[in-house]
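S.K.: Sequence first, then the predicted structure:
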Amino acid sequence: MVSFKILAGAYTEAFIATYLFNPNTGSLTVASRSPTGGNCSWISQHPTNKSVLYSVNEVSPIGAVQSFIIQPDGSLSAPLDTVSSNGDRPAFVATLSTGQVGAMNFNGGNGVIMPTSGSPLTFDRNAPVITFPTKPNTVSHPHMILQHGNEVLVPDLGQDTIWRLVQRGSNPGSFVIQGSIPQPAGSGPRHIAIFEDRLFTLHETASTLSVQVVPPAPNGTTPILSDVSTHPVVNLPGAVFAAAEILIPKPTKRFPKPYIYVSNRNTGTELDPRGDSVAIFELLDKGTKNERLNLIQQVFTGLNQIRGMEFGPSEKGLEEFLIAAGVAGSGGVVMLQRVDGGRDMKLVTRNLEILNRSTFVWL
């Protein structure tokens, strides 16, 4: 029976865990724990060299980014390079198609996009720091990066905007801000996704999901076509919701419709006994005056504060499975399975060997 490997990072515990998932039996087990720097809260695999993994160290006052080799058994080498993120608490790391590695410092209001020097394992330490502008009496909280064509988009929770970065000239790592995509005041854009010509923005502060046409570069604007709440309708006076992750899996033969999956986090004092939910949305009447987002389902998970979640790779026939965990509570790690064409999900298994994880990479 074939088992598939999944890497999982987290806060506080300085290790990345390797899980084994067998879709035939529904078993999910911890195979190993690989030591890392502190708060390996976000991990990302190299897009072409699948043996290379990157992790942030989301620490203060200055965070770091590390590189690892993924061993055949799914465990990691010791960190092979560690470089400063040049800012406070980097919350996200990702690799561009060019091989450059980007990290955004949530508390630092800045970020870096670093070339790799001859090897994807070695970071160039000369990449300039990208500092995001702030309005008076505010702070910048850049959260993630998303490559779109020749641009890198960075949602800034503190400035209610999405920055548009481009590389200056032919110098790798030399990125500048060429424009922005403003978002509603006080909404707190956290993570984004693009499908076809639509930009979907998940707002943490408002706990809403919005959609708009991708504005033309460098500084075009388009209206928000639909903006809806992501969290369940519950009567919990102590609940404080903060949406976290958005995923739009690539359509496949088994799942031809591009549903939108959003993780909710209840960070308040009164928790739903069913746990936090993953909300499933669809986009209706695209291109008409009635274009809108429609909530299909709230899938309760038994988790508390779902931060990261990840679908299995479609090239391995695993796109029906979603792994998720909370960064608080005792819900462990769950494997969900898409049913009804992706309009709903059911629980496959729950692993309680490690109670909290925040980010996943399927190998």
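M.R.: Okay, I see it.

S.K.: what residues does stretch 19-29 touch?
M.R.: Here stretch 19-29 makes contact (CB atoms under 8 Å, 6 or more residues apart in numbering) with 1-8, 30-31, 74, 318, 321, 323, 333, 335, 348-351, 353. No exception for glycine: its C-beta is placed from N, CA and C like everyone else's.

S.K.: Just the buried positions in that stretch, please.
M.R.: In terms of neighbour count (16 or more other CB atoms under 10 Å), stretch 19-29 has its buried residues at 19, 20, 21, 23, 28.

S.K.: chain center to it: distance?
M.R.: Mean C-alpha position of stretch 19-29 versus that of the full chain (CA atoms, centre = their mean, to the nearest Å) differs by 23 Å.

S.K.: And the average pLDDT for that stretch is what?
M.R.: Stretch 19-29 shows a mean pLDDT of 96.

S.K.: can I have that stretch written out in CSV, keeping just the CAs?
M.R.: Taking Å, rounded to 0.1, in the frame of the first residue of the first chain, the C-alpha atoms of stretch 19-29 are listed here in CSV:
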residue,chain,number,x,y,z
TYR,A,19,3.3,12.7,8.1
LEU,A,20,2.5,9.6,6.2
PHE,A,21,-1.0,9.3,4.7
ASN,A,22,-2.4,6.2,3.1
PRO,A,23,-5.6,7.0,1.1
ASN,A,24,-6.6,3.4,0.9
THR,A,25,-6.8,2.8,4.6
GLY,A,26,-7.3,6.4,5.7
SER,A,27,-4.4,6.3,8.1
LEU,A,28,-2.3,9.4,9.0
THR,A,29,0.8,8.9,11.1
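
S.K.: Just the buried residues from the contacts of stretch 19-29, in PyMOL please.
M.R.: Per 16+ other CB under 10 Å, the buried members of the contacts of stretch 19-29 correspond to this PyMOL selection:
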select buried, resi 3+4+5+6+7+8+74+318+321+323+333+335+348+349+350+351
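
S.K.: Tell me which entries of the contacts of stretch 19-29 lie within strands.
M.R.: Using DSSP state E, the members of the contacts of stretch 19-29 that fall within strands are 4-8, 30-31, 321, 323, 333, 335, 348-351.

S.K.: Strands along the stretch 251-363 of the chain, start to end?
M.R.: 260-263, 276-284, 292-311, 321-328, 333-339, 344-351, 359-362 (DSSP state E, counting those that start in this stretch).

S.K.: One more: the stretch 51-200 of the chain?
M.R.: 52-57, 64-69, 81-84, 90-95, 101-105, 110-114, 130-131, 146-148, 151-156, 161-167, 175-182, 189-195, 198-203.

S.K.: Sort out which residues of the longest one are buried, please.
M.R.: Looking back up the chat, that one is strand 175-182. 175, 179, 180, 181.

S.K.: any idea how far the second one is from residue 104?
M.R.: Using CB to CB, to the nearest Å, we find residue 179 at a distance of 18 Å from residue 104.

S.K.: same thing with the third one?
M.R.: Between residue 180 and residue 104 the distance is 15 Å, computed by CB to CB.

S.K.: Contact partners for residue 342?
M.R.: Shown in contact with residue 342 (CB under 8 Å, 6+ apart): 249, 255, 257, 259, 280.

S.K.: Closest to residue 170 out of the residues you listed?
M.R.: residue 249 (34.8 Å; CB to CB).

S.K.: quick one: pLDDT of the residue nearest to the closest one when sequence neighbours are not counted?
M.R.: Nearest non-adjacent residue to residue 249, counting by CB to CB, 6 or more residues apart in numbering: residue 311, 4.9 Å away. Looking at residue 311, its pLDDT reads 98.

S.K.: cool, and residue 117?
M.R.: Value for residue 117, per-residue pLDDT: 78.

S.K.: With residue 286 instead?
M.R.: Confidence score, pLDDT, at residue 286: 97.

S.K.: Which residue lies closest in space to it, excluding its sequence neighbours?
M.R.: residue 198 (7.5 Å).

S.K.: who's in contact with the spatially closest residue to residue 352 that is not a sequence neighbour?
M.R.: Nearest non-adjacent residue to residue 352, counting by CB to CB, 6+ apart: residue 332, 4.0 Å away. Residue 332 sits next to 303, 325, 350, 351, 352, 353, 354, 355 when contact means CB under 8 Å, 6+ apart.
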